[in-house]
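**Q** I need the structure of the sequence given here:
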Amino acid sequence: MGTHLNVTDISFGDHLSSIYQNKEQQFSLIVPFVMDGLNNNNKCIYVVNENSREEVIFEFENAGFNIETYIASKQFVILTAEDTYLKDGYFGVEKILNFIEETNNTAIKDGYNGLRGIGEMSWALADIAINEKLIEYEIKLNKFLTNKRIVLLCQYNESKFSHDILNNIVRTHESIVIYGKLYKNKYFYIAPSYFNQAKKLPADSYQTIIDTIIEE
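**A** So this is what the prediction gives:
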């Protein structure tokens, strides 16, 4: 089995994705990832789509964390896709990048060390036209996050997204959470400047890619 990392190995500027099959896998890293951020004076924003606000709170409480205290202080904020990615009724790459930057600037002005953002990405499935923009967004995040006091983690339900999309998700993240464990993506990550020239991977290579990362 491949050597997996811990949440303490994550630092500002990191751009991660999480591919999961069930809620247990989804939250087994999300909960410690958020709590590590809260304990290190980060503002943490969680964007729900698959789960309700109440379900997210339950997962933290069930793991033994009194997340309501952080919600009351507004250090932990739960938003929706309509509040963020789809604000004003559409998804625009530059628009959401500006939103992230403004949110981080506000967090720092409020006395936080930086920002941790976590998004459930299933909102993108509502419109097939978003798919290309979604990959463009994931590519641009890598350069955008350089030297910023931000960590972002995008969550992808393996059963909902096509293998074509998931292959591209793997290739746009240097670090990747697979089934609840965090790995360095040594062999499949493609730097933003080379991504558009890279050969497309066949959809049926997806499981081999995942197995390689896990077993390396």
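**Q** Let's test this: name the helix or strand in the protein with the lowest mean pLDDT.
**A** Lowest by mean pLDDT, DSSP states H and E among the helices and strands of the chain is helix 192-195, with a mean of 84.
**Q** does Val177 sit in a helix, a strand or a coil?
**A** Following DSSP: H, G, I helix; E, B strand; the rest coil, Val177 is assigned to strand.
**Q** That one and Leu29 touch, don't they?
**A** Yes - between Val177 and Leu29 there is a contact under C-beta atoms under 8 Å: 5.2 Å. In short, each C-beta sits where N, CA and C put it, glycine included.
**Q** what touches both of those two?
**A** Listed as contacting both Val177 and Leu29 by C-beta atoms under 8 Å, 6 or more residues apart in numbering are Ser18.
**Q** part of a strand, is Leu115?
**A** Yes - assignment of Leu115 by three-state DSSP places it within a strand.
**Q** Show the pLDDT at the nearest residue to it once chain neighbours are set aside.
**A** Among residues not flanking Leu115 along the chain, Asn104 sits closest, at 4.3 Å (C-beta to C-beta, 6 or more residues apart in numbering). Note for Asn104: predicted pLDDT of 98.
**Q** cool, Lys23 as well?
**A** 95.
**Q** Make 204 the starting number, not 1.
**A** All right, first residue 204 from here; so that's Lys226.
**Q** Give me the phi and psi for it.
**A** The phi/psi pair for Lys226 (degrees, to the nearest 10) reads phi -70, psi -30.
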